[in-house]
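> Provided below are the primary sequence and the corresponding predicted coordinates.
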Amino acid sequence: MHKGRGGTLVKFGVIGYGYWGPNVVRNLDQLEGCTVIAVCDRNSTARQRVHQNYSHVKVLSQTADLISSTEIDAIAIVTPVESHYELAKAALQNGKHVFVEKPFTSDSNQAEELINLAAAKNLKIMVDHTFLFTGAVNTIRQLLDDGTLGKMYYYDSTRVNLGLVQDDVNVIWDLASHDLSIIDYLVKEAPEAVSATGQAHLNGFEDMAFITVYFPSKIIAHINVNWLSPVKVRTTVIGGDKKMLVWNDLEAVKKIKVYDSGVEITSGEGPCSLPVNYRSGTIWSPQVEQTEALKQALACFIDCVSNDRTPFSNGAAGLRVVKLLEAAHRSMQARGAPVYL
Ligand SMILES: NC(=O)c1ccc[n+]([C@@H]2O[C@H](COP(=O)([O-])OP(=O)(O)OC[C@H]3O[C@@H](n4cnc5c(N)ncnc54)[C@H](O)[C@@H]3O)[C@@H](O)[C@H]2O)c1
């Protein structure tokens, strides 16, 4: 299949064709500027599915065959996190750029090693923090950057549903990695401490957790993640001193509502006046770009590989998220004791 406008195509190999891998392959197959040479999965049913959908793509069972292929420039790693480090290391050692799923690695030492290896070999690493490529997160960032929300007070996210219970990581590593990457993108200061509580009811991995991230400027972020909720909720409230917003990611159209609401402490002068003013004004809904986020993320990676640019969701961004995940994990084991970063 020929795609693109005449420039050099980035030739991809994809490892992992389970739940998320098909989305990566579908987008790569549709995007200009790249082509999928091969997909590898150790599961024969997965390989069969690739073959049925993409007859022009090589289907492999051994990652070594894909990683050593001289036809391939970049490898997308879409396997569970425990395998990310080994696969990414082998890919970089074989001169391939790496697009790796979130979370980047199972621990921060692995992430640091991969970042150094990529730098030494002048190769790109991009971590698929997909939400950073959604229209919603970009609109929120704009509302913060242009001062509409004013000084940020808090980020409060509820990300709960029934399942998909994982058998290799807890709910923090699975779901909270999304919020931590969003917080890392929106809040322009380094967090100072993390506190987390959670409980494992099913298979030894925490299936629900409450995480708090503290920042020096008094911004506070709270994340509620839960695989045992009867209903699906994807709602984030962000408060600023000028405006507040509610982002309901399950809404098809008006995902973000901005509220002209606020609280001001006044002098409280006069016999009846309270020293607090509440403002509750208009509500409006900004237009949010609807393009599939994964498509935007992959297009960003292809552009960075083709034009020698650094993706903003690079290895360093992935490492910052892994450090927050590690801190949340340690705090949870200590029943919420703060872990300083
Ligand atoms: N960005 C997002 O929004 C998003 C959404 C879902 C999953 N993910 C991430 O994608 C990754 C994969 O998740 P999933 O839900 O698709 O997992 P999955 O278990 O459904 O699929 C993984 C596939 O990889 C294959 N595999 C595993 N190790 C392999 C190896 N060493 N060599 C070859 N094949 C191997 C398995 O056979 C399986 O088919 C995880 O890191 C997850 O966090 C990201």
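Done, it's in. Numbers count the residues shown, from 1 in each chain.

> Would you confirm that Tyr185 contacts Arg141?
Yes. Between Tyr185 and Arg141 there is a contact at 6.7 Å, judged by C-beta atoms under 8 Å. Backbone N, C-alpha and C define where each C-beta goes, glycine included.

> So between those two, which is more surrounded?
Per other C-beta atoms under 10 Å, whichever of Tyr185 and Arg141 has more neighbours is Tyr185, with 20 against 15.

> can you list the residues of the stretch 1-150 of the chain near the ligand?
15-21, 40-43, 46, 63, 78-81, 83, 101-102, 128, 130 (C-beta under 6 Å from any ligand atom).

> again, only this time at 8 Å
Counting by C-beta under 8 Å from any ligand atom, the stretch 1-150 of the chain comes close to the ligand at 15-21, 23, 40-43, 46, 61, 63, 77-81, 83-84, 86-87, 100-103, 128-131.

> Ok, the stretch 151-300 of the chain next?
Close to the ligand, as judged by C-beta under 8 Å from any ligand atom, the stretch 151-300 of the chain has residues Leu164, Gln166, Val169, Trp173, Asp174, Ser177, His178, Ala293, Leu294.

> Next up, the contacts around the first one.
In this case it means Leu164. Tyr19, Asp174, Trp227 (C-beta atoms under 8 Å, 6 or more residues apart in numbering).

> Quick one: the strands in the stretch 101-250 of the chain, in order.
Secondary structure of the stretch 101-250 of the chain (DSSP state E, counting those that start in this stretch): strands at 125-128, 152-162, 193-199, 208-214, 220-226, 228-240, 244-248.

> State the phi and psi torsions of the closest residue to Ser181 other than its chain neighbours.
Closest residue in space to Ser181, ignoring its immediate chain neighbours: His129 at 3.7 Å, by C-beta to C-beta, 6 or more residues apart in numbering. In terms of degrees, to the nearest 10, the main-chain angles of His129 are phi -90, psi 80.

> what's the spacing between His129 and Ile182?
In this view, His129 and Ile182 are 8 Å apart by C-beta to C-beta, to the nearest Å.

> Equivalent analysis for Ala337, please.
25 Å.

> Leu143 too?
From Leu143 across to Ile182, the span is 14 Å (C-beta to C-beta).

> neighbour count winner among those two?
Per other C-beta under 10 Å, whichever of Leu143 and Ile182 has more neighbours is Ile182, with 25 against 21.

> tell me the contacts of that one?
Counting by C-beta under 8 Å, 6+ apart, Ile182 touches His129, Phe131, Leu132, Val137, Tyr155, Ser157, Thr236.
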